[in-house]
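Asks: What follows is a predicted structure for the sequence shown.
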Amino acid sequence: MWSHSPLSPAAIAAAAAVLLALRVLFVLDSVRSSRLGRRRGRGRARSRPVRTLAVLGSGGHTSEMIRLVSELDPGIYAPLTYVVAETDATSLERVKAVAESRGGRAARLTPDAVCRIPRSREVGQSYATSVFTTLRSFLYAAW
């Protein structure tokens, strides 16, 4: 019997972290290349739109997402879907307010779809109970 398994939880977590980091770098490079109007290695613009998901949240997160999404080229990044917590009453209102104040310049902020999911952790909720609400949110979003 082996005393040490080659697939320990730490090894799996490390491999997952490396794969996630590589994916993030790939996506960032793709976005940069798309903003420059070319695809790496091909020298031409993307021919198909990219489905885009923006997660809105509390604090400064919604402001940052509004800023980022408003900079996207709607010809490339479409359709746009927002994910918002069921208990979030202000994020979509803020998006609408910014879009109206900017007029035609912010037409990209208008979503094609909105998905509401249960919040994984409410403000002030204990970490012990947040394990269960996070699992509920994950299952809701996955199915």
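Replies: Yep, it's here. Numbering: from 1, shown residues only.

Asks: just so I have it, where are all the strands in the protein?
Replies: Counting by DSSP state E, one finds strands in the chain at the ranges 52-55, 80-85, 113-117.

Asks: Including mean neighbour count, could the ones you listed go into TSV?
Replies: Using the backbone N, CA and C atoms, a C-beta is placed for each residue, glycine as well. Conversion of the strands of the chain to TSV gives the following (neighbours: other CB atoms under 10 Å):
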stretch	mean neighbour count
strand 52-55	16
strand 80-85	19
strand 113-117	14
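
Asks: Adding mean pLDDT and distance to residue 126, write those out as JSON lines.
Replies: Converted to JSON lines, the strands of the chain look like this (pLDDT from 0 to 100; distance: least, CB to CB, whole Å):
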{"stretch": "strand 52-55", "mean pLDDT": "90", "distance to residue 126": "24"}
{"stretch": "strand 80-85", "mean pLDDT": "90", "distance to residue 126": "18"}
{"stretch": "strand 113-117", "mean pLDDT": "90", "distance to residue 126": "21"}
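
Asks: tally of neighbours for residue 92?
Replies: Per other CB atoms under 10 Å, the neighbour tally for residue 92 reads 16.

Asks: Assess the claim that it and residue 114 are in contact.
Replies: Yes. Assessed by CB atoms under 8 Å, residue 92 is found in contact with residue 114 at 6.7 Å.

Asks: coming back round to it: would you mind giving the strands of the chain as a markdown table with distance to residue 127 added?
Replies: Formatted as a markdown table, these follow (distance: least, CB to CB, whole Å):
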| stretch | distance to residue 127 |
| --- | --- |
| strand 52-55 | 21 |
| strand 80-85 | 18 |
| strand 113-117 | 20 |
